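Asker: sequence first, predicted model second:
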Amino acid sequence: QLQLVESGGGLVQPGGSLRLSCAVSGKPTKNYAIAWFRQAPGKEREGVSCILSTGGSTNYADSVKGRFTISKDNAKNTVYLQMNSLNSEDTATYYCAQRNYYCSKYRADFSTWGQGTQVTVSS
């Protein structure tokens, strides 16, 4: 059974950086996508970024383009989200999620989820 475990969240000042990790264990299909979502209190869960296991194609939400970078280390079965220039609107619980073959920005398209890691941007 596939499992995802996030880590790396915490408290950071505005303008600061954090790197989130999503460790993938189990046996995914050969071609799959790992996405990062986030959910702030009282808001819907939204897609932030996604990467394909094969080829490494990526995409980003407009709100994080130029500030966040998604990457993967196949040897470690880990996907990272480097977050720079953080602001208060980035405060949320961040989740990684997996689906077969293709990226998607829709929560309902993902079948496997991690437990989430909290990111708080505050002075």
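Answerer: Happy to help now that I have it. Residues are numbered from 1 along each chain as shown.
Asker: any idea how far the residue nearest the centre of the chain is from residue 107?
Answerer: Note on the chain: the residue nearest the mean C-alpha position is residue 36, at 2.2 Å, using Cα atoms, centre = their mean. Using Cβ to Cβ, to the nearest Å, residue 36 is found at 12 Å from residue 107. C-beta here means a position set from N, CA and C on the backbone, and glycine is covered the same way.
Asker: what is in contact with those two at once?
Answerer: Taking Cβ atoms under 8 Å, 6 or more residues apart in numbering as the criterion, residue 36 and residue 107 both touch 47, 97.
Asker: OK, contacts around residue 17?
Answerer: 82, 83, 84, 85, 86.
Asker: what pLDDT does it get?
Answerer: Per-residue confidence at residue 17 stands at 98 (pLDDT).
Asker: do the same with residue 56
Answerer: Note on residue 56: pLDDT of 84.
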